[in-house]
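**Student:** based on what follows, work out the 3D shape:
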Amino acid sequence: MNRASSARLSRETDPQPPLAAGLQGRIIWHDLVSKGPGADMAFFSRLMGWSYTIEHAENFVWKPGPGDYPLIVAKGEAHGGVLSAGRDEPAHWRAYVEVRDVDLCADKARRLGATICKPPFDVPGVGRSVLLSDPQAALICPFTTTHDYPPPRDQFVFDQLVSSNAAASRSFYRNLFGWKLIGSGIPGPEANRQGWDPVEIVNAPHGQAGWRAQWIPYLAAPDLPKTIAEATELGARRIDPPTSVAQAAPRALLISPAGAPFGLVGTGG
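**Tutor:** Here you go, the predicted structure:
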């Protein structure tokens with residue numbers, strides 16, 4: 001993140017000031033870390049209708065010196081950004097989760113078995129973050145917002161963690177963020193009571209090579225079959241499974257032309 005414009009689990013939080021009360025534990029931003037940023041930006045522009053606004057920073061938070069940060073823009077809102085993956089870094093998405101205090105969260109994560117990949121850092125005018133690798137090596141960014149824009153909506157429907165040990169991952173995130181498992185993993189209305197998108201934590205497919213622990217966002221597709229067909233025509237590859245804990249809505253899992261996993265979920269309109 002360089003700035004912001006505005007088992008399924010739900011988030012259980014302590015009393016907070018008015019703005020923070022609606023954000024604590026919520027995934028508020030997504031960065032696409034791509035092996036081919038130009039190709040992926042063109043792909044999602046054609047598939048999802050995204051446009052991009054380039055922000056330039058003289059002291060870029062993700063690499064030394066100046067850098068450009070394309071913001072993902074849809075329906076007049078910025079929903080995330082695009083970063084270039086390092087030489088030995090696989091394509092992936094980074095989810096940002098709002099927390100009360102990034103430094104305290106980082107310390108707690110370390111005690112719970114996470115690795116600090118990038119120590120807490122400030123993004124001027126936006127907030128403070130840290131990059132963690134959880135005990136199963138999935139990357140996640142706790143974030144404390146310092147602006148007063150509401151989080152974006154309507155593009156990223158929910159996020160799914162593909163884990164080598166789903167039970168251990170659920171325990172880690174419940175302890176770290178206060179996320180609360182709803183029943184057997186199938187959410188009732190309580191999961192969205194505050195307008196939060198639910199998350200899922202599932203095991204990687206048994207016996208299938210190539211899966212690594214990672215967070216994967218699912219994007220809204222009003223006409224799912226049509227969007228899947230368009231995605232494959234544009235160079236994406238369908239890779240189902242993993243399957244969800246509960247097939248609450250039709251969905252598909254794909255890889256972008258430059259190798260970034262992403263999901264589509266039918267929203268029916």
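**Student:** now name the helix or strand holding residue 47.
**Tutor:** helix 37-48 (DSSP states H and E).
**Student:** who touches that helix?
**Tutor:** Outside helix 37-48, the residues that touch it by Cβ atoms under 8 Å, 6 or more residues apart in numbering are 32, 34, 50-52, 70, 72, 74, 82-84, 91, 155, 219, 227, 230-231, 234-236, 256-258, 260. (Each C-beta comes from the backbone N, C-alpha and C, glycine too.)
**Student:** so of those residues, which ones are in strands?
**Tutor:** Among those, DSSP state E puts 32, 34, 51, 52, 70, 72, 74, 82, 83, 84, 219 in strands.
**Student:** ranges for the helices of the chain?
**Tutor:** 18-21, 37-48, 102-111, 166-177, 224-233 (DSSP state H).
**Student:** in TSV, list those helices along with mean neighbour count, distance to residue 78 and mean pLDDT.
**Tutor:** Formatted as TSV, those follow (neighbours: other Cβ atoms under 10 Å; distance: least, Cβ to Cβ, whole Å; pLDDT from 0 to 100):
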stretch	mean neighbour count	distance to residue 78	mean pLDDT
helix 18-21	12	18	44
helix 37-48	18	14	96
helix 102-111	17	21	96
helix 166-177	19	23	90
helix 224-233	15	22	95
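**Student:** between these, which one is nearest to residue 199?
**Tutor:** helix 166-177 (8.1 Å; Cβ to Cβ).
**Student:** which helices and strands sit right next to that closest one?
**Tutor:** strand 9-11, helix 102-111, strand 156-163, strand 179-181, strand 199-203 (3 or more Cβ pairs under 8 Å, 6 or more residues apart in numbering; DSSP states H and E).
**Student:** any chance of the ones you listed in TSV, with distance to residue 64 too?
**Tutor:** Formatted as TSV, the helices and strands packed on helix 166-177 follow (distance: least, Cβ to Cβ, whole Å):
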stretch	distance to residue 64
strand 9-11	35
helix 102-111	21
strand 156-163	30
strand 179-181	35
strand 199-203	33
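**Student:** quick one, which of these is nearest to residue 212?
**Tutor:** Residue 212 lies closest to strand 156-163 among the helices and strands packed on helix 166-177, at 7.9 Å (Cβ to Cβ).
**Student:** contacts for that closest one next, please.
**Tutor:** Under the contact criterion Cβ under 8 Å, 6+ apart, strand 156-163 has outside partners 8, 27, 30, 79-80, 95, 136, 138, 169, 173, 197-204, 211-220, 242, 244, 263, 265, 267.
**Student:** which of the ones in strands among the contacts of helix 37-48 are buried? Put it as a PyMOL command.
**Tutor:** In PyMOL syntax, the buried subset of these is picked out as below (16 or more other Cβ atoms under 10 Å):
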select buried, resi 32+34+52+70+72+74+82+83+219
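**Student:** just the closest of the ones in strands among the contacts of helix 37-48 to residue 59, please.
**Tutor:** Nearest to residue 59, judged by Cβ to Cβ, of those is residue 83 at 15.4 Å.
**Student:** residues contacting the closest one?
**Tutor:** Contacts for residue 83 (Cβ under 8 Å, 6+ apart) come out as 31, 32, 33, 34, 37, 62, 69, 94.
**Student:** give me that answer again for 7 Å
**Tutor:** Going by Cβ atoms under 7 Å, 6 or more residues apart in numbering, residue 83 touches 31, 33, 62.
**Student:** again with residue 103
**Tutor:** Residue 103 touches residue 120, counting by Cβ under 7 Å, 6+ apart.
**Student:** turn the contacts of residue 83 into CSV, columns for pLDDT, neighbour count and distance to residue 113.
**Tutor:** Shown next, in CSV, are these (pLDDT from 0 to 100; neighbours: other Cβ atoms under 10 Å; distance: Cβ to Cβ, whole Å):
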residue, pLDDT, neighbour count, distance to residue 113
31, 95, 21, 24
33, 95, 21, 23
62, 72, 19, 25
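**Student:** can I get those residues in JSON lines with distance to residue 121?
**Tutor:** Below are the contacts of residue 83 laid out as JSON lines (distance: Cβ to Cβ, whole Å):
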{"residue": "31", "distance to residue 121": "14"}
{"residue": "33", "distance to residue 121": "16"}
{"residue": "62", "distance to residue 121": "9"}
